[in-house]
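In: I'd like to go over a predicted model; first the sequence, then the structure.
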Amino acid sequence: MQNGQGNNRDMISVYNPVDGSLVGTVQAGTAHDVDEAVRETGDAFLSWSRTDPPERSKILFSAAGRIRADQKNLATLLTREQGKPLKESMNEIAGFARVLEYYASISGMLRGDYGVSRQYGHMMVRREPIGVCAAIIPWNLPALIMSWKIGPVLASGNTMVLKPSSTAPLTCLALVGHLYEAGLPPSVVRIVTGSGDEVGEALARHQDIRALSFTGAVRTGIRVAEIAAPTLKKTILELGGSDAMIVCQDADPDLAAKGAVSGRFFNCGQTCTAIKRVFVDKKISDQFIRRVCEYAGALKVGNGLEKGVDMGPVHTMSQRDALHSQVEETITREMATVLCGGTLPDSSSCMGSFYHPTILTDVDPDAPVMNNEVFGPVLPISTFDSLEEAITRANATRYGLGASIWTHDMRIISKATEELKAGIVWVNQHLRIPPEVPFGGTKFSGIGRENGRYALEQYLEEKTILIQP
Ligand code: NDP
């Protein structure tokens, strides 16, 4: 059976990408369900926004504890509906708990401002929660991305209606159950499952939602922003990326190769800030590419619930086929050399939407895999002669989410961190994001930031109060 969305009028079926078996069903919500959820969360806003921050924190800490205690069950569900290896799901669930704990720990630090003037008297700035917020999230890291939305919204005293992806909604529902059990009034967060066209657009269009945080593809983000514009809600967009990794002559080729393989093949390559293009100095390229092929070749691909599996299937069959078309076109037009992978597994022996780890070299800058986001386990590697050339090519994309530079030379680090056009620049690492720092992109990778106190501030508005005694 094809995995992906199998809907009847009222229900959406969720399938396991490993074999197409049914994992569960959820309601196909409607615009009417969105109206109801917004009304409920609007009513709950009055009391939640006035709940003392330490009280709010207590619930978030308690929910995080429950989620940690139930980590294995939640991770198993995530692997079954999404496809990623259990060890990655375990980390993602722990990540959800960690983000809740982080926001619980800083919610008491929300402060306004105060000054005094002879002319105007007492000048106060209150920072107030803005109201009902909405979130629309994708399937690739459903738990982690849900925490990035729900953590700052709840800690700052707002309420939320959240729409999960239709192909991976079950873990989100299980997680919110833990929040309710920890004491969160159910009307503070409502999840509405359903299609993007129906539920997603109803959220974007709704007059009474004051902020909307969307994570997903660029074209969907543009559509959401267009629909949301007439309501003047604050719109935060976390979109795609085509992160470059630049490996300099002085980099340790072994460490860099390990970094390239984990930065590309983690989550079967389906991460917005995965390494999507590698540029390596010609002087070390042979050594580096040999190691990358060794490490990628050693990855065990299979059912994420089986021991020792490093990479699961692509999330749906249609996404796997779209990925393969990008690779096929690049190969047919002789725009790259295939070092490994690049073919579909034999469908008679394999039911799932698997794809072999694929490494391409001698990649033409105009190849489809260099110009469109590659959302799967395919790594294009190019060589460069000078740092200027590497930075120019890294920036030659409409995306600007992340980038990394691998070197220990401070002059190179200083130049690259200044000149790379990205929301986050790593040095000698990639794809690692603690909850304390802002995360988001520039150019077509999005507007606004998640994570850290920066995200919290996006859900607060300043009110100026001038008191003449
Ligand atoms: P989509 O944009 O297809 O879907 C994301 C969410 O939007 C889903 O919940 C989807 O619902 C919903 N949606 C779809 N159509 C509409 C619509 N017309 N109006 C409102 N909502 C809609 O993205 P993918 O799920 O394919 O996710 C992959 C993309 O997300 C990649 O480009 C990736 O780079 C990006 N991403 C960005 C991140 C970041 O932080 N910058 C992090 C992770 C991913 P439904 O499932 O029902 O279709």
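Out: Received the coordinates, thanks. Keep in mind the model is a prediction, meaning the values are calculated, not measured. Numbering: from 1, shown residues only.
In: please count neighbours and contacts with C-alpha atoms only from this point.
Out: Fine.
In: quick one, strands of the stretch 51-200 of the chain?
Out: Assigned by DSSP state E, counting those that start in this stretch, the stretch 51-200 of the chain shows strands spanning 113-117, 121-129, 132-136, 159-163, 189-191.
In: would CSV of those with distance to V224, mean pLDDT and mean neighbour count be doable?
Out: Formatted as CSV, the strands of the stretch 51-200 of the chain follow (distance: least, CA to CA, whole Å; pLDDT from 0 to 100; neighbours: other CA atoms under 10 Å):
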stretch, distance to V224, mean pLDDT, mean neighbour count
strand 113-117, 34, 96, 12
strand 121-129, 23, 97, 17
strand 132-136, 10, 98, 28
strand 159-163, 13, 98, 28
strand 189-191, 18, 98, 24
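In: of all these, which one is nearest R411?
Out: strand 113-117 (39.9 Å; CA to CA).
In: partner strands of that closest one, parallel or antiparallel?
Out: Looking at strand 113-117 with DSSP bridges, its partner strands are strand 121-129 (antiparallel).
In: any idea how far the partner strand is from the middle of the chain?
Out: Centre-to-centre, strand 121-129 and its host chain are 34 Å apart (CA atoms, centre = their mean, to the nearest Å).
In: tell me which residues are up against that strand.
Out: Outside strand 121-129, the residues that touch it by CA atoms under 8 Å, 6 or more residues apart in numbering are 49, 110-117, 156-158, 459-469.
In: keep only those of those that are in helices.
Out: Those of those mapping onto helices are S49, per DSSP state H.
In: who touches K149 in this structure?
Out: Contacts for K149 (CA under 8 Å, 6+ apart) come out as 135, 213, 450.
In: test my guess that the last one contacts F439.
Out: Yes - taking contacts as CA atoms under 8 Å, E450 lies within contact range of F439: 5.1 Å.
In: K233: neighbouring residues, count only.
Out: For K233, the neighbour count with other CA atoms under 10 Å is 19.
In: again but with Q287, I slipped
Out: Around Q287 there are 13 residues (other CA under 10 Å).
In: okay, E450 and F439: which has more neighbours?
Out: Under the criterion of other CA under 10 Å, the comparison of E450 against F439 puts E450 first, with 26 against 21.
In: ok, the more buried one to the ligand distance?
Out: Distance, E450 to the ligand, using CA to the nearest ligand atom, to the nearest Å: 8 Å.
In: phi and psi next, for that residue.
Out: Geometry field for E450 lists phi and psi as phi -110, psi 170, criterion degrees, to the nearest 10.
In: the one 4 residues further on now?
Out: Y454 adopts backbone torsions of phi -60, psi -40, taken as degrees, to the nearest 10.
In: make sure it is actually in contact with G440.
Out: No - contact criterion CA under 8 Å: Y454 and G440 do not qualify, at 10.7 Å.
In: those two: who's more crowded?
Out: Neighbour totals were compared for Y454 and G440, and G440 leads with 24 against 16 (other CA under 10 Å).
In: next, give phi and psi for the closest residue to that one other than its chain neighbours.
Out: Nearest residue to G440, sequence neighbours excluded (CA to CA, 6 or more residues apart in numbering): R449, at 4.8 Å. With angles defined as degrees, to the nearest 10, R449 sits at phi -130, psi 150.
In: number of residues surrounding R449?
Out: If we define neighbours as other CA under 10 Å, then R449 has 23 of them.
In: what does the stretch 51-200 of the chain have sitting close to the ligand?
Out: 136-139, 164-167, 194-197, 200 (CA under 6 Å from any ligand atom).
In: and if you look at the stretch 351-469 of the chain?
Out: Within reach of the ligand by CA under 6 Å from any ligand atom, the stretch 351-469 of the chain has these residues: G440.
In: now do the helices in the stretch 351-469 of the chain.
Out: Taking DSSP state H, counting those that start in this stretch, the helices of the stretch 351-469 of the chain run over residues 368-371, 387-395, 410-419, 452-458.
In: what values do phi and psi take at H408?
Out: Per-residue torsions, H408: phi -120, psi 10 (degrees, to the nearest 10).
In: gap between it and C248?
Out: According to CA to CA, to the nearest Å, H408 and C248 sit 9 Å apart.
In: the more surrounded of the two?
Out: More crowded of H408 and C248, by other CA under 10 Å: C248, with 27 against 15.
In: who touches the more buried one in this structure?
Out: C248 touches 280-281, 387, 405-407, counting by CA under 8 Å, 6+ apart.
In: out of these, who's the most crowded?
Out: Among the contacts of C248, the one with the most neighbours (other CA under 10 Å) is V280, at 28 neighbours.
In: touching, that one and I381? I think so.
Out: Yes - V280 is in contact with I381 according to CA under 8 Å; the separation is 7.4 Å.
In: chain neighbours aside, what residue packs nearest to G24?
Out: G24's closest residue in space is V14 (CA to CA, 6+ apart), at 5.3 Å.
In: and for that neighbour, the neighbour number?
Out: Using other CA under 10 Å, V14 is surrounded by 26 other residues.
In: quick one, phi/psi of it?
Out: Dihedral angles of V14 (phi, psi; degrees, to the nearest 10) stand at phi -110, psi 130.
In: now swap in D310 and tell me
Out: Per-residue torsions, D310: phi -100, psi -30 (degrees, to the nearest 10).
In: isn't it up against A298?
Out: No - contact criterion CA under 8 Å: D310 and A298 do not qualify, at 9.2 Å.
In: between the two, which is the more surrounded one?
Out: Per other CA under 10 Å, whichever of D310 and A298 has more neighbours is D310, with 23 against 11.
In: what sits against the more buried one?
Out: D310 is in contact with 85, 299-302, 304, counting by CA under 8 Å, 6+ apart.
In: near the residue nearest to it when sequence neighbours are not counted, how many other residues are there?
Out: Leaving aside its sequence neighbours, D310 sits nearest to K300 (CA to CA, 6+ apart; 5.1 Å). Number of residues near K300 (other CA under 10 Å) recorded here: 16.
In: just the pLDDT for K300.
Out: On the pLDDT scale, K300 is placed at 96.
In: hmm, it is touching V309, no?
Out: Yes - counting by CA under 8 Å, V309 is a contact partner of K300 at 5.0 Å.
In: quick one: stretch 86-103 to chain centroid distance?
Out: 13 Å.
In: what comes up buried for it?
Out: For stretch 86-103, burial by neighbour count (16 or more other CA atoms under 10 Å) applies to 86-90, 92-103.
In: work out for me the element the residue nearest to Y355 when sequence neighbours are not counted sits within.
Out: Distances taken as CA to CA, 6+ apart place L344 nearest to Y355, at 6.0 Å, with adjacent residues excluded. Applying DSSP states H and E as the criterion places L344 outside every helix and strand.
In: count of neighbours near F354?
Out: Residues lying near F354 (other CA under 10 Å) number 28.
In: may I have the phi/psi pair for it?
Out: Dihedral pair for F354: phi -80, psi 160, per degrees, to the nearest 10.
In: can you pull out the low-pLDDT segments for the stretch 51-200 of the chain?
Out: Along the stretch 51-200 of the chain, no part satisfies pLDDT under 70.
In: show me the helices in it, by range?
Out: In the stretch 51-200 of the chain, the segments counted as helices under DSSP H, counting those that start in this stretch are 53-69, 71-82, 86-106, 142-155, 170-181.
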